[in-house]
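Asks: I would like the atomic coordinates for the input below:
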Amino acid sequence: MEHPIAMNTLSQILEKLRLKGKDNELKMTDHGKMQSKSLDKIYKPEDLTIVKTYRFEGDSDPGDNSVLYLVEDSDKNIGYMLDAYGIYSDNIGSGFDDFLKKIPTENRDEQELFC
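Replies: Sure, this is the predicted structure:
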């Protein structure tokens, strides 16, 4: 018998991160690096690893489509980067995409990340 797969919303995942003290948002700086204001750190791509990716699609509005990247730094701090799909992206230009492509990926189980 198959078990149903739990569906998560963006707000549910962000709340899980907040409750675990892992709600460190990383945003692109004007200098082409990522910054976590809550951790007071600035990162280059090689300082991070993408450990989980979530894709969210709105029912009727393409503007509701987004991607949440959970990342881990070399000190084992978990943070996240949030972006919308395509033309709805908050990140203008190719800087964000270029940065993202350089980050190594290591897909981890959600249980491991939220324990």
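Asks: against residue 56, how distant is residue 46?
Replies: Residue 46 is 28 Å from residue 56, where distance means C-beta to C-beta, to the nearest Å. For every residue, glycine as well, the C-beta is placed using N, CA and C.
Asks: the two: which has the busier surroundings?
Replies: residue 56 (18 against 10; other C-beta atoms under 10 Å).
Asks: now the residue sitting nearest the centre point of the chain, nearest residue through space, not along the chain?
Replies: For the chain, the residue nearest the mean C-alpha position is residue 69 (2.1 Å; C-alpha atoms, centre = their mean). Nearest residue to residue 69, sequence neighbours excluded (C-beta to C-beta, 6 or more residues apart in numbering): residue 81, at 4.5 Å.
Asks: okay, and that neighbour sits in which element?
Replies: strand 78-84 (DSSP states H and E).
Asks: list the helices and strands that strand packs on?
Replies: Where contact means 3 or more C-beta pairs under 8 Å, 6 or more residues apart in numbering; DSSP states H and E, strand 78-84 is packed against helix 10-19, strand 24-28, strand 66-73.
Asks: listing request: residues of the chain with sub-threshold pLDDT.
Replies: 1-7, 58-64, 85-93, 111, 114-115 (pLDDT under 70).
Asks: okay but residue 33 is in contact with residue 41, surely?
Replies: No - applying C-beta atoms under 8 Å, one finds residue 33 not in contact with residue 41, separated by 9.9 Å.
Asks: report how many residues lie close to the residue nearest to residue 69.
Replies: By the criterion of other C-beta under 10 Å, residue 81 has 22 neighbours.
Asks: and it, what is it in contact with?
Replies: 25, 26, 27, 34, 68, 69, 71, 100 (C-beta atoms under 8 Å, 6 or more residues apart in numbering).
Asks: how about residue 66?
Replies: Taking C-beta under 8 Å, 6+ apart as the test, what residue 66 contacts is 10, 55, 56, 82, 83, 84, 85.
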